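# Make a model of this:
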Amino acid sequence: MTQESTVPQSPRAITAVLAISGTVVALMQTLVVPLLPDFPEILNVTAEDASWLVTATLLSSAVATPIVSRSADMYGKRKMMVVCLAIMVVGSILAAVGGSFLWLIFGRALQGFASALIPVGISIMRDELPKEKMGSAVALMSATLGIGSAMGLPLAGILYESLGWESIFWVSAGAGSLLLAAVLMVVPESKVRTPGRFDYLGAVVLSAALAALLLAISKGGAWGWGSEPVLLLFLAAALLLAAWVPYELKAGQPMVDLRTSARRPVLLTNLASLLIGFAMFANMLLTTQQLQLPTSTGYGFQLNVITAGLCMVPSGLAMVVFAPVSGGIIKRFGGKPALIAGAAVMIAGYVGRVFFWDSIAWVIIGSTVIGIGTAIAYAAMPTLIMGAVPITETASANGLNSLVRSIGTSTSSAAVAAILTSVTITIGTVRLPSFESFKDVFWMAALASAASMGAAMFIPRTVAAKPAILAEVTRELVLQGRVLTANQLPLAPAVVTVLQTSGEPVDWSRVDSDGNYSVALPGSGKYLVVANAAGWAPLAEVFDFDGRTLRQDFHLNKQLELAGVATLDGSPIEGAVVTLLQGSGEHLATTKTDPAGRYSLPLPLHGRYIVTMLHPLTHQAMARKLAVSNRSMSTDLALDSTAGQLVEA
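Reported below is the predicted structural model:
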């Protein structure tokens with residue numbers, strides 16, 4: 001079977017369409033926020049019920065993002081973008097015409113599927129854009145998240161006052177329909193994919209765990225952090241994750257590759273992303289609230305919703321303006337310095353907001369500085385993630401990164417609400433947040449940014465310069481196959497790494513439980529393939545890829561072993577029982593010696609062990625400590641009939 005890659009005719013058009021999808025995602029998150037105070041009266045529900053219009057989208061996006069991202073790697077990235085946009089359009093229409101609160105909740109839940117557009121779109125950029133344009137394109141897409149959030153607040157107010165609340169959903173449906181058509185016309189379907197079995201059980205358990213966790217975080221303030229429902233939700237999330245993690249580690253084709261996610265570059269980038277998400281959302285929550293609070297508080301400016309929303313526009317525009325700067329930093333220095341720089345700018349912005357707050361201009365400047373830092377940091381994250389994972393897993397890895405950021409923003413929302421309601425002042429008969437509570441949040445966000453910077457400093461610098469990310473990606477073809485023994489048995493866990501013959505890395509893949517691997521190659525030519533499995537001598541061979549044969553198996557023929565000869569007074573012992581134990585005493589393997597006294601055991605993992613030998617007739621026994629490295633070992637076991645103990649060589 002042959003795969004032909006599609007060369008993008010217009011990288012600018014692809015970038016524009018994918019970047020606009022980021023704006024649509026941000027709009028879905030913020031369009032209903034200005035209307036939340038009015039929805040209880042409009043829909044005849046309580047304020048607590050109305051808050052579900054935000055919670056429903058949060059939960060559905062958390063569930064959809066990892067599932068859609070994984071499906072994009074398996075079934076096609078453009079295909080999953082089309083599915084998400086279609087679901088979002090249907091949700092918008094149902095919310096506009098449903099006529100009841102429940103239909104509105106259902107529509108908002110469907111709109112949450114739009115969140116998966118971000119990681120899938122970034123992965124398409126990696127697959128389809130020329131190497132010199134990818135960094136700036138990812139930076140622009142990250143920046144449009146800011147402009148979308150900034151536009152959502154005033155746009156919703158204008159639409160509501162002019163055309164009624166239903167108009168915000170009709171506008172969402174129209175924007176989604178136009179974007180759907182643009183994706184079909186402009187964005188090519190990527191040929192980089194990994195067909196296989198979808199992990200349905202892992203998806204269900206992860207979805208339930210995320211729903212429980214985010215529901216507890218988002219509703220903890222309203223229901224009470226010590227209330228039974230919240231505690232039960234946290235307990236359910238912990239139990240589900242405790243069951244999900246070992247299952248994913250054993251699954252042949254897991255929903256989330258936890259071994260890859262635990263690699264230092266990915267783990268630290270996701271940790272930094274969570275902290276940046278926490279810090280970023282605090283800026284959005286506090287800025288509009290401070291601008292709308294009454295002047296009697298001493299620090300508020302008593303602006304209406306639309307005007308306060310318009311004050312956020314400079315921050316969003318600055319993110320777009322600084323997108324090329326972010327791309328330039330990434331292109332020249334890599335993702336790690338860009339993430340550190342973005343976090344540093346956010347720290348400066350938050351510290352400035354503590355001391356400069358007594359005019360609208362200072363509030364806008366502080367918010368804009370934080371927005372610039374967010375844009376730089378957000379642009380760096382996908383670059384770091386894609387530099388540390390196999391090319392065939394970029395969508396699912398970016399999906400996990402997006403999910404981690406959303407957990408950060410949800411936690412930020414809960415923390416900000418808790419602080420603002422606990423440190424208050426009384427104006428007349430009304431309790432309002434004091435400026436001390438705002439300062440507390442500013443310092444907390446600055447500390448989160450500093451912690452993110454600290455995590456970023458430990459990311460290996462080599463990740464930012466990985467040549468696979470800078471390769472000409474428009475010609476990539478996916479090579480699949482299996483890693484097998486000489487007896488055609490699958491080998492797992494194992495890793496396949498592909499290098500240029502000059503030594504530069506191309507791609508790598510973990511082998512699933514059936515021995516399957518998938519790697520993306522930038523075209524026909526000769527490559528150095530290295531296959532390695534625990535307990536086996538690694539394979540290194542030059543593979544001549546013709547661009548047509550897209551399956552190739554690799555065989556590891558030499559199993560590493562622990563071997564030797566058992567003797568008594570220099571004579572071999574037949575049938576002696578040789579046992580291998582871990583240094584802590586756990587049993588690993590047992591064998592018997594052959595007529596020549598020889599024994600052989602599979603070489604265990606690197607570590608300290610104990611090997612024992614028992615004579616079959618005299619029952620003389622001995623034990624010896626071993627330090628096992630990653631190569632075959634020969635250890636002779638000798639007994640002395642006079643002492644019955646090990647004779648040291």
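# Report the helix or strand with the lowest average pLDDT across the chain.
Lowest by mean pLDDT, DSSP states H and E among the helices and strands of the chain is helix 467-470, with a mean of 40.
# May I have the residues that are in contact with the closest residue to Arg78 other than its chain neighbours?
Of all residues beyond its chain neighbours, the one nearest Arg78 is Glu189 (4.4 Å), with distances taken as C-beta to C-beta, 6 or more residues apart in numbering. C-beta: built from backbone N, CA, C; applies to glycine. Contact analysis of Glu189 by C-beta atoms under 8 Å, 6 or more residues apart in numbering lists Thr6, Gly76, Lys77, Arg78, Lys79.
# circling back: show the subsequent helix or strand relative to the least confident helix or strand of the chain.
strand 477-485 (DSSP states H and E).
# what helices or strands is that following strand leaning on?
When contacts are defined as 3 or more C-beta pairs under 8 Å, 6 or more residues apart in numbering; DSSP states H and E, strand 477-485 sits against strand 494-500, strand 516-521, strand 554-556.
# which one of those strands is the most hemmed in?
Comparing these by mean neighbour count (mean count of other C-beta atoms under 10 Å), strand 516-521 comes out on top with a mean of 24.
# Which stretches in the stretch 301-450 of the chain count as helices?
Per DSSP state H, counting those that start in this stretch, the stretch 301-450 of the chain carries helices over the ranges 305-310, 313-321, 323-333, 335-355, 360-386, 394-422, 435-457.
# quick revisit: how far away is the residue nearest to Arg78 from Glu128?
Glu189 is 10 Å from Glu128, where distance means C-beta to C-beta, to the nearest Å.
# With Gly112 instead?
26 Å.
# of those two, who's got more company?
Set side by side, Gly112 and Glu128 show more neighbours around Glu128, with 29 against 25, by other C-beta atoms under 10 Å.
# Tell me the pLDDT of the more buried one.
Listed pLDDT for Glu128 reads 83.
# cool, and Arg461?
pLDDT, Arg461: 71.
# Not counting residues beside it along the chain, what's closest to it?
Nearest non-adjacent residue to Arg461 (C-beta to C-beta, 6+ apart): Lys336, at 5.8 Å.
# Wait, that neighbour touches Leu384, no?
Yes - Lys336 is within contact range of Leu384, at 6.8 Å (criterion: C-beta atoms under 8 Å).
# between the two, who's got more neighbours?
Leu384 (30 against 27).
# how much space between the more buried one and Pro505?
16 Å.
# again with Gly157
51 Å.
# Tell me which of those two has more neighbours.
Gly157 (21 against 16).
# Let me see the contact set for the more buried one.
Pro34, Asn304, Val305, Ile306, Gly309.
# how near is the fourth one to Ser413?
This means Ile306. 22 Å.
# Which of the two has more residues huddled nearby?
For Ile306 versus Ser413, neighbours defined as other C-beta under 10 Å are more numerous around Ser413 (20 against 17).
# I'd guessed the more buried one sits against Lys219; true?
No - in this structure, Ser413 is not within contact of Lys219 by C-beta under 8 Å, at 10.9 Å.
# biggest helix in this structure by residues?
Criterion DSSP state H: the longest helix present in the chain is helix 131-163.
# Give the buried residues for that helix.
133-160 (16 or more other C-beta atoms under 10 Å).
# do stretch 416-428 as well
Burial within stretch 416-428, assessed by neighbour count using 16+ other C-beta under 10 Å, is assigned to Val416, Ala417, Ile419, Leu420, Val423.
# Which residues are in contact with the third one?
By C-beta under 8 Å, 6+ apart, the contact list for Ile419 reads Ser437, Asp440, Val441, Met444.
# try 10 Å
Ala282, Pro433, Glu436, Ser437, Phe438, Lys439, Asp440, Val441, Met444 (C-beta atoms under 10 Å, 6 or more residues apart in numbering).
# Could you do the second one as well?
In this structure, Ala417 makes contact with Ser218, Gly220, Gly221, Ala222, Leu285, Pro433, judged by C-beta under 10 Å, 6+ apart.
# Check which helices and strands the strand or helix carrying the fourth one is in contact with.
Here Ala222, judged by DSSP H and E, is contained in helix 200-223. Packing partners of helix 200-223 (3 or more C-beta pairs under 10 Å, 6 or more residues apart in numbering; DSSP states H and E): helix 47-50, helix 52-75, helix 228-250, helix 394-422.
# Could you pull up the mean pLDDT of that helix?
88.
# which stretches of the stretch 1-150 of the chain have low pLDDT?
1-9 (pLDDT under 70).
# ok, 90 please
Residues of the stretch 1-150 of the chain meeting the criterion pLDDT under 90: 1-16, 19-63, 65, 70, 73-76, 98-102, 112, 114-119, 122-150.
# what number of residues lie near Leu285?
19.
# Model confidence for the residue lying closest to it once chain neighbours are set aside, exactly?
The shortest distance from Leu285 to any non-neighbouring residue, by C-beta to C-beta, 6+ apart, is to Val416 (5.0 Å). According to the prediction, Val416 has pLDDT 85.
# I figured Val416 hits Ala448, correct?
No - applying C-beta atoms under 10 Å as the test, Val416 and Ala448 come out as separate, 11.7 Å apart.
# any residues in contact with both of the two?
Common neighbours of Val416 and Ala448 (C-beta under 10 Å, 6+ apart) are Phe278, Ala282.
# and the closest residue to Pro433 other than its chain neighbours, what does it touch?
Excluding the flanking residues, the one nearest Pro433 by C-beta to C-beta, 6+ apart is Leu420, at 4.0 Å. Shown in contact with Leu420 (C-beta under 10 Å, 6+ apart): Gly221, Leu285, Leu286, Gln289, Leu432, Pro433, Ser434, Ser437, Phe438, Asp440, Val441.
# Pull up the gap between Leu420 and Ala414, please.
Applying C-beta to C-beta to Leu420 and Ala414 gives a distance of 11 Å.
# now swap in Ala377 and tell me
Counting by C-beta to C-beta, the gap from Ala377 to Ala414 is 22 Å.
# Between the two, which is the more surrounded one?
Shown here are Ala377 and Ala414; by other C-beta under 10 Å, Ala377 has more neighbours (32 against 19).
# So for the more buried one, what's the pLDDT?
90.
# since we're on the closest residue to it other than its chain neighbours, how many residues are nearby?
Distances taken as C-beta to C-beta, 6+ apart put Gly342 closest to Ala377, at 2.9 Å, once the chain neighbours are dropped. Neighbour count of Gly342, defined by other C-beta under 10 Å: 31.
# just Ile610 next, same as before
Quick note: Ile610 (other C-beta under 10 Å) scores 16 neighbours.
# now swap in Trp362 and tell me
Using other C-beta under 10 Å: Trp362 sits among 14 other residues.
# ok, now Ile20?
By other C-beta under 10 Å, the residues close to Ile20 number 20.
# With the one 4 residues further on instead?
Per other C-beta under 10 Å, the neighbour tally for Val24 reads 21.
# for Arg332, same thing?
Neighbours around Arg332, by other C-beta under 10 Å: 10.
# returning to what we had before: and which of the contacts of Gly157 is nearest Val230?
The closest of the contacts of Gly157 to Val230 turns out to be Pro34 (C-beta to C-beta; 27.4 Å).
# Enumerate the positions of stretch 558-566 that are buried.
Buried, per 16+ other C-beta under 10 Å, within stretch 558-566: Gln559, Leu560, Leu562, Ala563, Gly564, Val565, Ala566.
# CA atoms only: put it into PDB for me.
In PDB, the C-alpha atoms belonging to stretch 558-566 read as follows (Å, rounded to 0.1, in the frame of the first residue of the first chain):
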ATOM      1  CA  LYS A 558      20.300 -12.400  20.600                       C
ATOM      2  CA  GLN A 559      18.700 -12.500  24.100                       C
ATOM      3  CA  LEU A 560      21.000 -11.300  26.800                       C
ATOM      4  CA  GLU A 561      21.500 -13.900  29.500                       C
ATOM      5  CA  LEU A 562      23.000 -14.700  32.800                       C
ATOM      6  CA  ALA A 563      24.900 -18.000  32.300                       C
ATOM      7  CA  GLY A 564      27.700 -20.100  33.800                       C
ATOM      8  CA  VAL A 565      28.700 -23.500  35.000                       C
ATOM      9  CA  ALA A 566      27.900 -25.200  38.300                       C
END
